[in-house]
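Undergrad: Whatever this is, show me its structure:
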Amino acid sequence: MRKGTLRQILLITDGCSNHGEDPIAMAALAKEQGITVNVIGVLDQDTIDESGLREIEGIALSGGGISQVVYAKQLSQTVQMVTRKAMTQTLQGVVNKELKQILGPDVSLEDLPPEKRGEVMEVVDELGETVELEVLILIDTSGSMKTKLPTVKEALLDLSLSLNARIGDNRFAVFVFPGKRGNVEKIVDWTPKMEELSTVFPKLTSGGLTPTGPALREALTYFERKRSLRSLIRDDESYFEGSM
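TA: Sure, this is the predicted structure:
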């Protein structure tokens with residue numbers, strides 16, 4: 001099985017979007033482009049707004065990802081669990097697709113004998129440790145998230161440490177919404193580690209609307225830009241090799 005790059009958007013929010021396009025439609029578009037959208041809803045009290053909960057679940061469902069609603073103090077282990085679980089889910093999907101090509105359209109992982117299924121899951125686990133991973137993190141910085149931002153920062157630093165224990169390469173980018181001058185603002189460009197969050201986070205201001213849809217659209221554009229740049233570099237390399 002050819003190793004590619006797993007691409008994820010991790011959305012951290014505490015409620016309903018109230019500005020711009022439908023975030024559920026944007027998540028569906030991400031899935032079409034091979035990007036998984038995971039959503040973590042952060043609670044303050046025992047309750048979360050019903051429409052907020054529906055939106056969190058709807059975004060993850062449309063984006064082929066996982067949603068989890070947690071208290072701020074549980075955020076660190078949840079961020080890690082959701083990211084890794086989504087990786088396994090994506091890889092299982094890829095393996096299932098390859099099994100269907102080899103064994104026929106009616107065969108899935110569950111249909112294999114237990115020992116064969118065990119062997120396939122070992123491959124999935126190994127890929128989970130070696131595959132390249134790109135995670136674009138979208139953080140809701142609307143007014144109600146203000147007290148939760150220090151916890152979000154710690155959770156993301158823990159995620160970086162946890163994922164860098166893998167063999168495969170990781171790259172992270174961090175966007176916040178709303179931004180200072182628009183719906184979205186990039187605060188960390190693609191990087192294998194997230195130490196710079198410690199300097200960037202204290203300067204963040206919170207407040208304003210919650211443009212979740214526009215934030216997801218910007219994340220997709222950013223992934224696409226990165227991919228275009230990569231193919232441009234590859235074409236250049238081929239050109240130079242061909243002319244030598």
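
Undergrad: What lies in contact with the helix or strand harbouring Leu11?
TA: In this assignment (DSSP states H and E), Leu11 forms part of strand 5-13. Outside strand 5-13, the residues that touch it by Cβ atoms under 8 Å, 6 or more residues apart in numbering are 30, 34-42, 56, 59, 63, 65, 75, 79, 82-83, 86-87, 90-91, 131-140, 145, 152, 210, 212, 215-216, 219, 223. Heads up, the C-betas are built off the backbone N, CA and C, glycines and all.

Undergrad: Show me the shaky parts of the chain.
TA: Along the chain, segments meeting pLDDT under 70 span 1-3, 44-48, 226-244.

Undergrad: in it, which spans are helices?
TA: Along the chain, counting by DSSP state H, helices occupy 23-32, 50-62, 75-103, 114-130, 149-163, 197-200, 212-242.

Undergrad: how about those helices, which one is nearest Val176?
TA: helix 212-242 (8.4 Å; Cβ to Cβ).

Undergrad: Please name the residues that touch Asp189.
TA: Contacts of Asp189 (Cβ under 8 Å, 6+ apart): Ala173.

Undergrad: how near is it to Tyr222?
TA: 9 Å (Cβ to Cβ, to the nearest Å).

Undergrad: Now the common contact residues for the two.
TA: Joint contacts of Asp189 and Tyr222 (Cβ under 8 Å, 6+ apart) are Ala173.

Undergrad: got JSON lines for the helices of the chain, with distance to Val174 and mean neighbour count too?
TA: Converted to JSON lines, the helices of the chain look like this (distance: least, Cβ to Cβ, whole Å; neighbours: other Cβ atoms under 10 Å):
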{"stretch": "helix 23-32", "distance to Val174": "17", "mean neighbour count": "20"}
{"stretch": "helix 50-62", "distance to Val174": "18", "mean neighbour count": "18"}
{"stretch": "helix 75-103", "distance to Val174": "12", "mean neighbour count": "17"}
{"stretch": "helix 114-130", "distance to Val174": "23", "mean neighbour count": "13"}
{"stretch": "helix 149-163", "distance to Val174": "7", "mean neighbour count": "19"}
{"stretch": "helix 197-200", "distance to Val174": "7", "mean neighbour count": "14"}
{"stretch": "helix 212-242", "distance to Val174": "11", "mean neighbour count": "15"}
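
Undergrad: Out of these, flag the one nearest Asn183.
TA: With Cβ to Cβ, the closest approach to Asn183 among the helices of the chain belongs to helix 212-242: 3.9 Å.

Undergrad: separation between Met81 and Asp14?
TA: Met81 is 19 Å from Asp14, by Cβ to Cβ.

Undergrad: Please apply the same query to Arg54.
TA: Counting by Cβ to Cβ - Arg54 and Asp14 are separated by 14 Å.

Undergrad: cool, Lys85 as well?
TA: From Lys85 to Asp14 the distance is 21 Å (Cβ to Cβ).

Undergrad: ditto for Glu57
TA: 15 Å.

Undergrad: can you check Lys73 too?
TA: Distance, Lys73 to Asp14, using Cβ to Cβ: 14 Å.

Undergrad: Mind checking which of the two has more residues around it?
TA: Neighbours around Lys73 and Asp14, counted as other Cβ atoms under 10 Å, are more numerous at Asp14. The numbers are 21 against 9.

Undergrad: does that one really touch Ile40, like I thought?
TA: No: using Cβ atoms under 8 Å as the test, Asp14 is too far from Ile40 to be in contact (9.5 Å).

Undergrad: How about the contacts made by the nearest residue to Arg166 once chain neighbours are set aside?
TA: Once flanking residues are discounted, Arg166 sits nearest to Glu129: 5.0 Å by Cβ to Cβ, 6 or more residues apart in numbering. Glu129 makes contact with 166-168 under the criterion Cβ under 8 Å, 6+ apart.
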